[in-house]
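> got a structure for you, letters missing:
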Ligand code: 13P
C-alpha cells in the first residue's frame, strides 16, 4: 500500500520571515493526517528555518534542487551534503522550470538522482510534456524516456524510495489541470515503465504524484485515481488552502 504524498513546491517564493509565517499557519491545519506524507519544499535560504520550525510535526522538508558534485568551484550551487545536513529528507529534481530556464537535462537529472541516494536524500523526480509534445502524440514516449534516464543505474532498493512527479508543463501555473483520466493515463504509463526497468513489486512500491494546477477543488478526484499517489503543488501550496489539499 503506497502512502499518499502531498508536497508543496514553493518555487521562488517566501522570504525566511514569510516562510515561518506560512509554516505556523499550516502546522495546525495539516496536523493529525498520519495517512498522508506532507512535505514542504521552500527555497534554499529558508530550509534550515523550516526544518527547525517543523521539528516534532508531521511535516517533512525538501529542497527544490541541488548540484551533483560534492563540493568545489561551482559558484551559486548547493551540494548534496549541505541539503542533507540542513535536515532535508527530500529533494525535487528535474523540475520543468529547471529544464526550461537553467539547462537541466535528463543526464544531469540522473547524476543528481544518483548523488541524492548517495546522501540518503529521497528524490522527487519530475517528468512531463509540453503542449506541443502532447499535441504531437509523444507524451508517453517522452515521459518513459525521462523516467528511464533519471533512474539509470539506480538499484531497485533505492528506486522504491524515489517519488516520480508527473507534471505536464502546460498545466503548470496555468490553472489548466489535466483531467483525472489524462493524468491517470500517463501515471499508469510511468508505472509500466518502472515495471519494465525493475519488476512489478518494485513498481508497485514507487509513488507517482500528479502536479499542475492542483487545488483544493480537484485534489480528491486526482488522488483517487489508481496510479496517482498524491500531488506536487505549486501555487496552492503558498496559502492555507494547501491544508485542504492534504485533507482532500
Ligand atoms: P502549480 O501548482 O502552480 O501549477 O505548479 C505545479 C508545479 O510546478 C509543482 O512543482
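Good, I have the coordinates. It should be emphasised that the depicted structure is a prediction, and the values quoted were computed from it without experimental measurement.

> quick check: nearest residue in space to residue 133, chain neighbours excluded?
Spatially, and ignoring its direct neighbours in sequence, residue 133 is nearest to residue 142 (5.6 Å; Cβ to Cβ, 6 or more residues apart in numbering). No exception for glycine: its C-beta is placed from N, CA and C like everyone else's.

> burial check on the one you found, number of neighbours?
Residue 142: 18 surrounding residues under other Cβ atoms under 10 Å.

> neighbours around the closest residue to the ligand within the chain, how many?
At 2.2 Å from the ligand, residue 234 is the closest residue in the chain, using Cβ to the nearest ligand atom. By the criterion of other Cβ under 10 Å, residue 234 has 21 neighbours.

> I'd assumed residue 7 was in contact with it.
No: using Cβ atoms under 8 Å, residue 234 is not in contact with residue 7, being 10.2 Å away.

> which residues of this protein lie near the ligand?
Residues of the chain lying close to the ligand by Cβ under 6 Å from any ligand atom are 9, 95, 167, 172-173, 211-214, 232-236.

> which stretches of the chain form helices?
16-30, 47-53, 80-85, 96-101, 106-118, 131-136, 139-150, 156-159, 180-197, 200-205, 219-223, 242-246 (DSSP state H).

> including mean pLDDT and distance to residue 74, could those go into TSV?
TSV is the format used below for those (pLDDT from 0 to 100; distance: least, Cβ to Cβ, whole Å):
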stretch	mean pLDDT	distance to residue 74
helix 16-30	98	24
helix 47-53	98	18
helix 80-85	98	12
helix 96-101	98	15
helix 106-118	98	12
helix 131-136	96	31
helix 139-150	98	21
helix 156-159	98	24
helix 180-197	98	30
helix 200-205	98	33
helix 219-223	98	37
helix 242-246	98	33
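
> most tightly packed of these?
Across the helices of the chain, averaging neighbours per residue (mean count of other Cβ atoms under 10 Å) puts helix 242-246 on top, at a mean of 23.

> what's it packed up against?
Packing partners of helix 242-246 (3 or more Cβ pairs under 8 Å, 6 or more residues apart in numbering; DSSP states H and E): strand 4-9, helix 16-30, strand 230-233.

> rounded mean pLDDT for the shortest one, please.
The predicted model assigns strand 230-233 a mean pLDDT of 98.

> quick one: furthest residue from the center of the protein?
Relative to the centre of the chain, the most outlying C-alpha is that of residue 73, 27.8 Å out, by Cα atoms, centre = their mean.

> residues contacting it?
Applying Cβ atoms under 8 Å, 6 or more residues apart in numbering to residue 73 gives no contacts.

> phi and psi next, for it.
Dihedral pair for residue 73: phi -80, psi 70, per degrees, to the nearest 10.

> circling back to that earlier point, now distance to residue 124 too, for the helices and strands packed on helix 242-246, in TSV please.
Putting those into TSV (distance: least, Cβ to Cβ, whole Å) gives the following:
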stretch	distance to residue 124
strand 4-9	6
helix 16-30	18
strand 230-233	7
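
> residues in contact with residue 172?
Residue 172 neighbours (Cβ under 8 Å, 6+ apart): 96, 97, 128, 211, 212, 213, 234.

> quick revisit: could you check how far the residue farthest from the centre of the chain is from residue 67?
11 Å (Cβ to Cβ, to the nearest Å).
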